[in-house]
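# Provide a 3D model corresponding to the input given below.
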Amino acid sequence: MGCEDFLVRLSSDSTPQAAAHVLVGIPGICPDALVPALPTEVHFRYEDSEHIIEIEVAGAGPCTTLSLRFALCHPSSIDDVFAALVVDLVVALGADIIIAEDIDPDEPGLGLSFSSAQVADLRKALAQCIPKKRNLWREEFGSTLARASCRDALERFVIGASARPI
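Below you'll find the predicted structure:
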């Protein structure tokens, strides 16, 4: 996970099975067997006609971690869809969340942790952080929009761009 995606990580006391049960109850989410997984991981995918959000559920000792991400080449309409899904999961699982810890930690809201009691602050931070990361993407790889998985975005825009002759 890196330059091509926007990422959040949820940490919950729920079991991986309980988290998976919550996920499959959300319209548009289904298991994603195409993603290679470790024995302690299960992958899911949210899809609608315009967006793809990838979800990994991993058992890590006494807690469960959910990683949610989307490719930054999506149209900005994904921002609200992603934020709603994240907030729903934070509330349903009583989870704590860290937003996009892979970018500049000096930016307000980035790398900060939020609890399920801080939903308003979480929404505000997502609304600020997603465009900042998208702008970093666009500065580096352009503003072409695409409904793509993170892997497809990486292959198309990052690897494909570096393979073009100068």
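# point out where this structure drops to low pLDDT.
Residues of the chain that meet the criterion pLDDT under 70 lie in 1-2, 60, 101-112, 161-166.
# ranges for the strands of it?
For the chain, the strands defined by DSSP state E occupy 5-12, 29-31, 41-47, 52-60, 63-71, 96-99, 113-114.
# now tabulate the ones you listed in TSV and tack on mean neighbour count and distance to residue 88.
Using the backbone N, CA and C atoms, a C-beta is placed for each residue, glycine as well. Below are the strands of the chain laid out as TSV (neighbours: other Cβ atoms under 10 Å; distance: least, Cβ to Cβ, whole Å):
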stretch	mean neighbour count	distance to residue 88
strand 5-12	23	11
strand 29-31	15	11
strand 41-47	18	11
strand 52-60	20	12
strand 63-71	22	11
strand 96-99	21	12
strand 113-114	19	14
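# and residue 156, which of the ones you listed is closest to it?
Among the strands of the chain, strand 63-71 comes nearest to residue 156, with 9.3 Å by Cβ to Cβ.
# what about residue 75, how many neighbours?
For residue 75, the neighbour count with other Cβ atoms under 10 Å is 11.
# quick one: residues contacting it.
50, 145 (Cβ atoms under 8 Å, 6 or more residues apart in numbering).
# how near is it to residue 12?
30 Å (Cβ to Cβ, to the nearest Å).
# quick revisit: got the strands of the chain as JSON lines, with distance to residue 124 columns?
What follows is the strands of the chain, written out as JSON lines (distance: least, Cβ to Cβ, whole Å):
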{"stretch": "strand 5-12", "distance to residue 124": "14"}
{"stretch": "strand 29-31", "distance to residue 124": "25"}
{"stretch": "strand 41-47", "distance to residue 124": "22"}
{"stretch": "strand 52-60", "distance to residue 124": "20"}
{"stretch": "strand 63-71", "distance to residue 124": "18"}
{"stretch": "strand 96-99", "distance to residue 124": "11"}
{"stretch": "strand 113-114", "distance to residue 124": "10"}
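# of all those strands, which lies closest to residue 157?
Of all the strands of the chain, strand 63-71 comes closest under Cβ to Cβ, at 8.7 Å.
# parallel or antiparallel, list what pairs with that closest one.
Applying DSSP bridges to the sheet, strand 63-71 is found paired with strand 5-12 (antiparallel), strand 52-60 (antiparallel).
# how about the ones you listed, which one is nearest residue 83?
Nearest to residue 83, of all the strands paired with strand 63-71, is strand 5-12, at 9.6 Å by Cβ to Cβ.
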